[in-house]
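Chemist: got a sequence here, can you model it:
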Amino acid sequence: MAQPESKKIFFENLSGAGKAIAVLTSGGDAQGMNAAVRAVVRMGLYVGAKVYFIHEGYQGMVDGGENIVEASWESVSSMLQVGGTVIGSARCKEFRTHEGRLKAAHNLVQQGITNLCVIGGDGSLTGANLFREEWSGLLTELVEQGLIEADAVQKYSALHIVGMVGSIDNDFCGTDMTIGTDSALHRIIEVVDAIMTTAQSHQRTFVLEVMGRHCGYLALVSALACGADWVLIPEMPPEDGWEDKMCEKLSATRSRGTRLNIIIVAEGAIDRHGKPITSGIVKDLVVKCLGFDTRVTILGHVQRGGTPSAFDRILASRMGVEAVLALLETTANTPACVVSLCGNQSVRLPLMECVQMTQEVQRAMDGKRFEEAVRLRGRSFENNLRTYKLLAHRKPESELPVSNFNVAVLNVGAPAAGMNAAVRSAVRVGISEGHKMFAVSDGFEGFYKGQIKEIKWADVGGWTGQGGTLLGTKRTLPGKHVDKIAEQMRLHNINALLIVGGFEAFESLLQLYEARATHEDFCIPMCMLPATISNNVPGTDLSIGADTALNAIVETCDRIKQSASGTKRRVFIIETMGGYCGYLASVGGLAAGADAAYIYEEPFDIRDLQANVEHLTEKMKTSIQRGLVLRNENCNENYTTDFIYQLYSEEGRGVFDSRKNVLGHMQQGGAPSPFDRNFGTKITAKAMQWVSKKLVETYRQDEGRVFANTEDTCCLLGMRRRALVFQPVVQLKGETDFVHRIPKEQWWLKLRPLMKILAKYKTSYDVSDSGQLMHVVRNRPKESDASVAI
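Modeler: Next up, the predicted model:
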């Protein structure tokens with residue numbers, strides 16, 4: 001909710017002058033840690049604080065000396081795209097001792113540091129909290145030993161701590177995603193996609209072991225994202241006798257004509273009696289029972305490596321900025337907190353509440369209370385598990401309900417990665433609910449031409465990893481062909497419609513809703529799922545396909561920047577897609593470390609362009625070598641990419657040279673990212689369950705037909721802040737700018753100041769939303785589930 005102007009808090013009013021902030025990374029490394037370090041350093045310097053690196057984690061804090069170094073703006077340049085942690089991380093036994101912490105306190109006081117930003121797992125954060133609790137006692141000891149002056153105790157009386165969780169396992173309660181998890185999923189899915197082609201060739205079974213000693217998140221989500229046949233995780237060990245069940249499942253899949261099987265095992269997988277289930281055991285079992293040609297691939301440290309994904313860079317950058325704000329606002333009485341994301345909102349949570357909850361999961365697993373362990377992991381984990389079970393295990397025909405309803409699914413608009421995952425999910429959930437599923441080829445054009453055929457469970461096997469859309473899609477709207485479409489609906493007796501697509505899908509649904517007045521055939525439940533790289537559909541914060549496009553943009557920007565290494569100073573002007581919607585340019589700019597991003601939603605004139613050029617010129621006079629400027633394709637009809645390129649070339653003459661690049665359709669292609677596969681799968685499963693519910697509610701027993709003509713039977717399912725919400729499309733009309741095909745209000749505009757701050761622009765940043773300390777909510781067992789945190 002927008003706050004009245006007087007109540008808004010702007011961070012310009014928060015000053016860091018006189019404060020010293022130190023940042024360290026500890027425990028296992030994770031991709032995205034560098035992005036977090038960069039954001040802490042730049043935000044800290046921006047507000048006027050001194051910022052220090054502590055190299056080699058707690059070890060560096062104990063050893064002091066050259067391990068504690070003051071950071072400058074340039075020292076974190078070109079760090080965003082590097083995996084691991086540039087400032088180093090080490091496991092430190094000494095910090096666990098009182099003497100070790102005494103040394104650490106002495107080293108910090110010598111530099112005047114009383115604000116710590118710790119990026120690490122739960123062990124690192126627990127250590128930081130203990131250090132904070134002992135702080136005043138440690139200072140008193142140092143005075144007694146004559147190592148510091150007596151007045152220092154007063155001057156540095158309290159140590160403030162903010163944590164960010166960097167861990168690829170996503171095993172920390174209270175946070176939807178930890179830094180590094182999304183990148184680790186990228187590594188796993190790249191491997192699975194590659195392995196599938198060789199498995200297909202030789203009709204092999206592959207057993208993949210992924211990381212996660214005590215947490216099955218990576219195994220579960222990668223199994224969901226690649227449609228694995230079986231998954232073994234520590235939180236939910238299989239029932240006794242699982243060996244036979246698994247072999248039956250594998251052999252049933254093969255008998256339906258599939259040439260491969262994929263089994264994913266978390267390294268900490270156990271059976272009901274706590275006995276480990278290793279990838280070797282699973283392989284031997286498959287060979288013994290089925291005689292299939294089986295291979296084991298252990299992914300190991302590959303999962304920690306490589307460059308961070310777009311999601312991790314944005315997550316880490318947002319959290320780094322939030323961490324500095326939290327440090328500026330803490331008082332001696334505020335408990336140590338963790339900054340994290342919930343949905344797409346930044347939140348602060350008490351550190352020890354999160355740690356205790358995380359330890360409770362382990363206790364539940366040790367006590368063999370597995371249902372409780374899954375529940376404590378949080379809603380997102382539970383939801384993933386439920387969806388996986390629903391889609392991976394086909395019930396025998398005899399056990400399926402029979403609904404006698406026919407549901408059609410189609411794609412409308414431009415292709416977006418993740419559409420196939422959505423269709424697969426719709427087909428399989430629909431069949432599980434007892435419906436007959438029909439696939440429509442080529443959108444509404446195929447619909448009125450009668451390109452409609454029944455689609456079965458096995459027809460969508462292996463669809464999750466395919467880019468584009470296998471059903472085909474067209475931009476044709478149904479308006480002009482309403483009669484023919486109605487005729488096809490009668491012919492095939494279609495009782496419900498599921499549309500996966502972008503802005504055209506939204507317009508189509510509005511037209512079909514209006515057509516209800518003249519054609520009763522459209523008085524059926526209709527639901528739309530947003531799938532477009534532009535992310536320009538009203539009623540949702542995220543669309544299927546946008547994450548894949550962002551990754552394509554970020555990957556290309558990395559390469560383009562690299563192409564300039566070794567040459568003299570250079571600025572790149574890069575044009576992104578998105579129609580009039582600046583989502584890709586803005587969020588891509590934040591993830592790629594751009595200096596500016598020009599978009600339609602934020603009008604700019606020649607003075608702004610001039611200011612940007614001057615800003616870059618100043619920057620290039622320091623040790624910074626490269627600049628990056630993103631421009632949305634329709635941001636301004638006169639300030640074209642060529643114009644901006646020529647302007648920068650002329651104005652930067654003698655300081656830097658310029659190059660331009662139009663990214664074009666490569667943003668639409670490619671295999672879907674894990675996020676899009678997962679989002680597409682989960683959001684569609686929820687939509688299908690809604691369709692089933694509406695079919696039952698609107699079925700008229702006496703007439704033997706479905707009749708639905710209320711607003712709430714023609715909906716768009718979108719993600720709003722933290723929940724998935726069904727919204728009648730008619731009600732979304734008022735929120736839409738139809739001329740420019742964008743929503744009137746867009747949440748990501750509030751991320752734009754972050755990009756500017758991290759690029760050293762003075763700007764205004766509304767922080768009214770942040771700052772409230774929330775509490776970790778226990779997940780009560782309940783029927784419905786609104787969360788889609790991935």
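
Chemist: list the buried residues in stretch 560-573.
Modeler: Buried residues in stretch 560-573, counted by 16 or more other C-beta atoms under 10 Å: 560-561, 564, 569-573. All C-beta atoms are positioned from the backbone trio N, CA, C, and that covers glycine.

Chemist: next: stretch 95-113.
Modeler: 95, 100-109, 111, 113.

Chemist: can you tell me which of these lies closest to Phe370?
Modeler: Distance to Phe370 across those (C-beta to C-beta) is lowest for Phe95, with 34.0 Å.

Chemist: so the residue nearest to that closest one when sequence neighbours are not counted is in which element?
Modeler: Of all residues not flanking Phe95 in the chain, Tyr58 sits nearest, at 3.9 Å (C-beta to C-beta, 6 or more residues apart in numbering). Applying DSSP states H and E as the criterion places Tyr58 in helix 57-63.

Chemist: on that earlier part again, what about the buried residues of stretch 560-573, which are in strands?
Modeler: The strands, defined by DSSP state E, take in 570-573 from the buried residues of stretch 560-573.

Chemist: quick one: residues in contact with stretch 123-139.
Modeler: If you take C-beta atoms under 8 Å, 6 or more residues apart in numbering as the criterion, stretch 123-139 is touched by 26-27, 57-58, 95-96, 98, 101-102, 104-105, 109, 116, 118, 148, 152-153, 156-161, 163, 165, 336, 338, 351-352, 354-355.

Chemist: what distance separates that stretch from the middle of the whole chain?
Modeler: Mean-position distance between stretch 123-139 and its chain equals 32 Å (C-alpha atoms, centre = their mean, to the nearest Å).

Chemist: tabulate the buried residues of stretch 560-573 (CSV), appending pLDDT and distance to Val302.
Modeler: As requested, the buried residues of stretch 560-573 are exported to CSV (pLDDT from 0 to 100; distance: C-beta to C-beta, whole Å):
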residue, pLDDT, distance to Val302
Ile560, 89, 26
Lys561, 86, 24
Ala564, 76, 29
Arg569, 87, 35
Arg570, 91, 33
Val571, 93, 35
Phe572, 93, 30
Ile573, 95, 35
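
Chemist: ok so, going back, helices - which of the buried residues of stretch 95-113 land there?
Modeler: Among the buried residues of stretch 95-113, the members found in helices (DSSP state H) are 100-109, 111.

Chemist: of all those residues, which two lie farthest apart?
Modeler: Longest distance between any two of those is 17.6 Å, between Gly100 and Gln111; criterion C-beta to C-beta.

Chemist: ignoring the adjacent residues along the chain, who's closest to Met577?
Modeler: Per C-beta to C-beta, 6+ apart, closest to Met577 is Gln667, 5.1 Å.

Chemist: again with Leu328
Modeler: In space, Leu328 is closest to Leu14, 4.6 Å off (C-beta to C-beta, 6+ apart).

Chemist: you'd agree that neighbour is up against Val324?
Modeler: No - in this structure, Leu14 is not within contact of Val324 by C-beta atoms under 8 Å, at 9.1 Å.

Chemist: which residues do these two both contact?
Modeler: Here Leu14 and Val324 share the contacting residues Val47, scored by C-beta under 8 Å, 6+ apart.

Chemist: higher neighbour count, the two?
Modeler: Shown here are Leu14 and Val324; by other C-beta atoms under 10 Å, Val324 has more neighbours (30 against 17).

Chemist: quick check on Asp712: phi, psi?
Modeler: Dihedral angles of Asp712 (phi, psi; degrees, to the nearest 10) stand at phi -80, psi 10.

Chemist: show me the contacts for it.
Modeler: Contacts of Asp712 by C-beta under 8 Å, 6+ apart are 726, 728.

Chemist: quick check: pLDDT value at it.
Modeler: As predicted, Asp712 sits at a pLDDT of 95.
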